[in-house]
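please find the sequence and the predicted model below.
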Amino acid sequence: MAVPRSLKRPLYQIYERRLLQTLDRDALPQHIGVIHDGHRRYARAEGLPDYAASYRVGMDKFVEFLGWTAELEIPAVTCWLLSTENLARPDEELKPYYAVLIELFNRIPQMPAGQNVTVRFIGSLDLLPSDLVEAAKGLQERCSGGSRRVTIALAYGGRQEIVDAVRELVGKLAADGVSAADMAEQIDRDAISSRMYASDLPDPDLVLRTSGEARLSGFLLWQAAYAEYSFADVYWPAFRHIDFLRAMRDYTNRERRYGR
């Protein structure tokens, strides 16, 4: 027997409170990576007039998500809002998304979600339109002194990040006069890790992806080697607080082995 819609919300609220009360706060992840997937499929499923409507719902959800992580005092989140592969999509899809991102970046500093955070962007921003880059830089400047770290991956690809790190390392060694024969001995895990885009962040403890897809698609390939993964069967715009809390509960119940 289906539960009437009028009863669902109160039941969800009770369940949410119970999840919050029973969460082991000491076992929560310190760094969460998020792949915000499913905007276009959500638009089709909900019969929305265009993708821009779905993008706005998704970016409102992004702001909510920042509030949820603040509530649990998660120190760091890395959010993948645009991949380098996404840039191959047609202009009629990209331009509305760029416009929604600009709106988002301009309003975050004025919202509770923009308080006590330090925002940083990673990725190939040089591939993006100048007005989007300007909005991103403005957000970084206006949200720069908070204790919580919000990293936004924009025009980002995990393979390219590793390539860029190795190139920087090799260039530094060459500039220091290290011969090609001796170079290999100085290219190690720590040297590459120190040249990742956000090398001062701890590796993510948990990577969360929405939309039912169970793959990383190149997100934080180097850093997420020993992360736990959570794949939610809902599109990002439909992702609920209760879905987030379930992911946190499941994470706290796992035993992390780090390959051992």
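Okay, I see it.

mind giving me the packing neighbours of the helix or strand harbouring D182?
Using DSSP states H and E, D182 sits in helix 180-186. For helix 180-186, the packing partners by 3 or more Cβ pairs under 8 Å, 6 or more residues apart in numbering; DSSP states H and E come out as helix 158-175. Bear in mind the C-beta positions are built from the backbone N, C-alpha and C, glycine included.

quick one: buried residues of the helix it packs on?
For helix 158-175, a neighbour-count test (16 or more other Cβ atoms under 10 Å) marks 158, 160-162, 165, 169, 173 as buried.

give me the residues contacting that helix.
84, 122, 124, 183, 186-187, 191-193, 195-197, 216, 218-222 (Cβ atoms under 8 Å, 6 or more residues apart in numbering).

please save the CA atoms from that helix in PDB.
Once non-C-alpha atoms are left out, helix 158-175 reads as follows in PDB (Å, rounded to 0.1, in the frame of the first residue of the first chain):
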ATOM      1  CA  GLY A 158      41.800  13.800 -13.600                       C
ATOM      2  CA  ARG A 159      44.200  12.500 -16.300                       C
ATOM      3  CA  GLN A 160      45.100  16.000 -17.300                       C
ATOM      4  CA  GLU A 161      45.800  16.900 -13.600                       C
ATOM      5  CA  ILE A 162      48.300  14.000 -13.400                       C
ATOM      6  CA  VAL A 163      49.900  15.000 -16.700                       C
ATOM      7  CA  ASP A 164      50.200  18.600 -15.500                       C
ATOM      8  CA  ALA A 165      51.800  17.500 -12.200                       C
ATOM      9  CA  VAL A 166      54.400  15.300 -14.000                       C
ATOM     10  CA  ARG A 167      55.200  18.100 -16.500                       C
ATOM     11  CA  GLU A 168      55.700  20.600 -13.700                       C
ATOM     12  CA  LEU A 169      58.000  18.200 -11.800                       C
ATOM     13  CA  VAL A 170      60.100  17.300 -14.900                       C
ATOM     14  CA  GLY A 171      60.300  21.000 -15.800                       C
ATOM     15  CA  LYS A 172      61.500  21.800 -12.200                       C
ATOM     16  CA  LEU A 173      64.100  19.000 -12.300                       C
ATOM     17  CA  ALA A 174      65.400  20.100 -15.700                       C
ATOM     18  CA  ALA A 175      65.600  23.700 -14.500                       C
END
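
the stretch 51-200 of the chain: strands as residue ranges?
76-83, 117-122, 148-156 (DSSP state E, counting those that start in this stretch).

just the buried ones from the contacts of helix 158-175?
For those, buried by 16+ other Cβ under 10 Å: 84, 122, 124, 192, 195-197, 216, 218-220, 222.

what is the longest helix of this protein by residue count?
As assigned by DSSP state H, the longest helix anywhere in the chain is helix 51-71.

which residues sit against it?
Helix 51-71 is contacted from outside by 32, 34, 36, 39-40, 42-43, 46, 48, 77, 79, 81, 93, 96-97, 99-101, 103-104, 108, 111-113, 116-117, 148, 150, 236-237, 239, 241, 244, using Cβ under 8 Å, 6+ apart.

from those residues, list just the buried residues.
32, 34, 36, 39-40, 42-43, 48, 77, 79, 81, 93, 96-97, 99-101, 104, 108, 113, 117, 148, 150, 236-237, 239, 241, 244.
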